[in-house]
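J.: Following is a predicted model, sequence given first.
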Amino acid sequence: MPAVSTDLEYLEGVHPPLGPVLEEMLKSGRSEGVPIVQPAVGRLLRVLVTAVAPKRVLEIGTAIGFSTLWMASALPAGGRIDTIDPDRSRTDRARRYWLRAGVTDRVRVINEPALRVLPRLAPGIEFAFIDAIKTEYSAYLDALLPKMAPGGVIAVDNLTWSGRIAAGEHDENTEALRAFNETFLHHEQLEATILPVGDGVGLGAVRPHA
């Protein structure tokens, strides 16, 4: 049986190239230590957005806009992403990348803390992606669920946390993610799973209201 790393190398090589803007974002993010999703997660997000065809997408955690671009490139006509991040220096960089990629008109940036923004959003969000402050993941979910459309999908990054959760580590972020995973997988409003893609991606479909 081939090693897992060999399989991952094969899969990385057989996919189409990222394209110049995504490739530049990936290199910059990695060299500067900016928290961006792994390409495998980006591809998954693009497939999911293509399948769901949402008109309303919410992203919690923009950084330099890497995951935003993966999703924006798959939006249907008239679709839009609201992406939340209080760090204006990073979202200004993101806007320059999106302009080069031709998706600026599909993205709206909200430069405020997510927990301040979520309560005032209108309901009907069809796809959401969480990738921000790990200790706030459970609070994001609580605030987001009333805003989701029935049948909507919530994706969440970093749910294996580079092996720290399974290894039993006990720092603040790891404990918060471990608790989130339990809540996410057993939530009565979600049909949920966690996939070993990238750093662990949670997917939850919102059950129709009873």
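T.: Structure's in. What do you need?

J.: tell me the contacts of residue 125?
T.: Residues in contact with residue 125, defined by C-beta atoms under 8 Å, 6 or more residues apart in numbering, are 54, 56-58, 144, 147-149, 152. Using the backbone N, CA and C atoms, a C-beta is placed for each residue, glycine as well.

J.: Does the strand ranked longest in the chain pack against any helices or strands, and if so which?
T.: Scanning the chain for the longest strand, with DSSP state E as the assignment, gives strand 148-156. In terms of contacts (3 or more C-beta pairs under 8 Å, 6 or more residues apart in numbering; DSSP states H and E), strand 148-156 is packed against helix 39-52, strand 125-130, helix 137-144, strand 201-206.

J.: buried sites along the next helix or strand after that strand?
T.: Moving toward the C-terminus from strand 148-156, the next helix or strand (DSSP states H and E) is helix 172-185. By 16 or more other C-beta atoms under 10 Å, the buried positions in helix 172-185 come out as 173-174, 176-178, 180-181, 184.

J.: Next: stretch 148-165.
T.: Buried residues in stretch 148-165, defined by neighbour count with 16+ other C-beta under 10 Å: 148-149, 152-161, 164-165.

J.: and what of stretch 69-89?
T.: Within stretch 69-89, the residues that count as buried by 16+ other C-beta under 10 Å are 69-75, 79, 81-85.

J.: sorry, back to before: what would the buried residues of stretch 148-165 look like in JSON lines with pLDDT and distance to residue 204?
T.: Below are the buried residues of stretch 148-165 laid out as JSON lines (pLDDT from 0 to 100; distance: C-beta to C-beta, whole Å):
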{"residue": "148", "pLDDT": "98", "distance to residue 204": "9"}
{"residue": "149", "pLDDT": "97", "distance to residue 204": "13"}
{"residue": "152", "pLDDT": "98", "distance to residue 204": "9"}
{"residue": "153", "pLDDT": "98", "distance to residue 204": "7"}
{"residue": "154", "pLDDT": "98", "distance to residue 204": "5"}
{"residue": "155", "pLDDT": "98", "distance to residue 204": "8"}
{"residue": "156", "pLDDT": "98", "distance to residue 204": "8"}
{"residue": "157", "pLDDT": "98", "distance to residue 204": "13"}
{"residue": "158", "pLDDT": "98", "distance to residue 204": "15"}
{"residue": "159", "pLDDT": "98", "distance to residue 204": "11"}
{"residue": "160", "pLDDT": "97", "distance to residue 204": "16"}
{"residue": "161", "pLDDT": "97", "distance to residue 204": "18"}
{"residue": "164", "pLDDT": "95", "distance to residue 204": "22"}
{"residue": "165", "pLDDT": "96", "distance to residue 204": "18"}
